[in-house]
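> The following block contains a protein sequence and its predicted model.
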Amino acid sequence: MPKQIQPEPGAVKAVVWDIDDTIFDYATADTTGMRAHLTVEGMLHTFGTVEQALVRWKALTREHWARFEAGEADWEGQRRDRVRAFVGEALDDATADAWFTRYLGHYEAAWSLFPDTVPVLDTLAATHRHAVLSNSSLHNQDRKLRVLGVRDRFEALVCAAELGVAKPEAAAFHAVCEELGLAPHEVAYVGDQPDTDARGAVEAGLTGIWLDRAAIGGRPELVRITGLDQLPPLLARDTRFGAPESFG
């Protein structure tokens, strides 16, 4: 079980953020976008129901993201393989790319930030520097933040596709710390995944904070919050964050 490093009071100078399902409501956009896409593509009958199609798509997304994170596929390759597995055809690269591009149009139409994102960024703007570390690509996440109107809130944006290493590897977390010119113990990382985000950050020497929006719990070794409104008072404390789980 990982043990969290105990930074000195006031040591956290920057907050590094995950994007998808942390500040951006990825799950809702993905569901809404896929529903619209399958309707237009005439593929709903293939799966029986929209819900069954979404279960399949999400399972393939997890499978192929894991391959990308493990270095077994590049960014474009994992995306194309995901499409091929979903439609059940050996599509060539151009056809797979075109299918995914059509899906993206529906997905992007459903983009939105979580309601607590901007208020918390406003609250922390004067006290902490901000950056992003994402297991995605710089092109995708830079565009996403610009469309959502918050790109200027983050002084650095670091992504796995360009780094060649992904969370939870320590090198990914250290890369964003180096970009900020800060030591790991001076940086807090906030993300929705207990292992990829919070535990990975802790093991890399950062302060890991698990954003458990669904209030799943069950990870007492992690510092956990259930909403971003709990983050400013947590960071403002004069001592270590206290007992893990006490903020959820």
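Looks like it came in fine. Numbering: from 1, shown residues only.

> what separates residue 80 from residue 59, distance-wise?
As defined by C-beta to C-beta, to the nearest Å, residue 80 lies at a distance of 17 Å from residue 59. (Glycine included, C-beta is placed from N, CA and C.)

> next one: residue 204
Residue 204 is 29 Å from residue 59, by C-beta to C-beta.

> so after the helix or strand bottoming out on mean pLDDT in the chain, what's the next helix or strand?
Within the chain, no helix or strand scores below helix 44-47, which has a mean of 84 by mean pLDDT, DSSP states H and E. Downstream of helix 44-47, the first helix or strand assigned by DSSP states H and E is helix 50-69.

> Check which residues of that next one are buried.
Buried residues in helix 50-69, counted by 16 or more other C-beta atoms under 10 Å: 53, 54, 57, 60, 64, 65, 68, 69.

> of all these, which two lie farthest apart?
53 and 69 (24.3 Å; C-beta to C-beta).

> and residue 23, how far is that from residue 104?
For residue 23, the distance to residue 104 (C-beta to C-beta) stands at 19 Å.

> One more: residue 193?
According to C-beta to C-beta, residue 193 stands 23 Å off from residue 104.

> more neighbours, these two?
Higher neighbour count among residue 193 and residue 104: residue 193, with 19 against 14, using other C-beta atoms under 10 Å.

> The more buried one touches residue 18, doesn't it?
Yes: the criterion here is C-beta atoms under 8 Å, and residue 193 meets it with residue 18 at 7.4 Å.

> How are the helices of the protein distributed by residue range?
Counting by DSSP state H, residue ranges of the helices within the chain are 26-41, 44-47, 50-69, 75-87, 93-109, 117-124, 138-147, 160-163, 170-180, 200-203, 231-236.

> Dump these into JSON lines; add distance to residue 224 as well.
Output for the helices of the chain, formatted as JSON lines (distance: least, C-beta to C-beta, whole Å):
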{"stretch": "helix 26-41", "distance to residue 224": "19"}
{"stretch": "helix 44-47", "distance to residue 224": "35"}
{"stretch": "helix 50-69", "distance to residue 224": "22"}
{"stretch": "helix 75-87", "distance to residue 224": "30"}
{"stretch": "helix 93-109", "distance to residue 224": "29"}
{"stretch": "helix 117-124", "distance to residue 224": "16"}
{"stretch": "helix 138-147", "distance to residue 224": "25"}
{"stretch": "helix 160-163", "distance to residue 224": "24"}
{"stretch": "helix 170-180", "distance to residue 224": "19"}
{"stretch": "helix 200-203", "distance to residue 224": "12"}
{"stretch": "helix 231-236", "distance to residue 224": "10"}
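
> Indicate which one of the ones you listed is closest to residue 13.
That would be helix 170-180 among the helices of the chain, by C-beta to C-beta, at 8.3 Å.

> What residues sit buried inside that closest one?
Neighbour-count burial for helix 170-180 flags 170, 172, 173, 174, 175, 176, 177, 180 (criterion: 16+ other C-beta under 10 Å).

> Tell me the pLDDT of the first one.
Translated: residue 170. If you check residue 170, the pLDDT there is 98.

> list the contacts for it?
Residue 170 is in contact with 200, 203, 204, 205, counting by C-beta atoms under 8 Å, 6 or more residues apart in numbering.

> rerun that using 7 Å as the cut-off
By C-beta atoms under 7 Å, 6 or more residues apart in numbering, residue 170 lies in contact with 203, 204.

> again with the fifth one
For residue 175, the residues meeting the contact criterion (C-beta under 7 Å, 6+ apart) are 158, 163.

> Please report the distance of it from residue 187.
Counting by C-beta to C-beta, the gap from residue 175 to residue 187 is 11 Å.

> Please apply the same query to the second one.
Plainly put, residue 172 is 13 Å away from residue 187 if you go by C-beta to C-beta.

> what do you get for the last one?
To residue 187, residue 180 is 7 Å away according to C-beta to C-beta.
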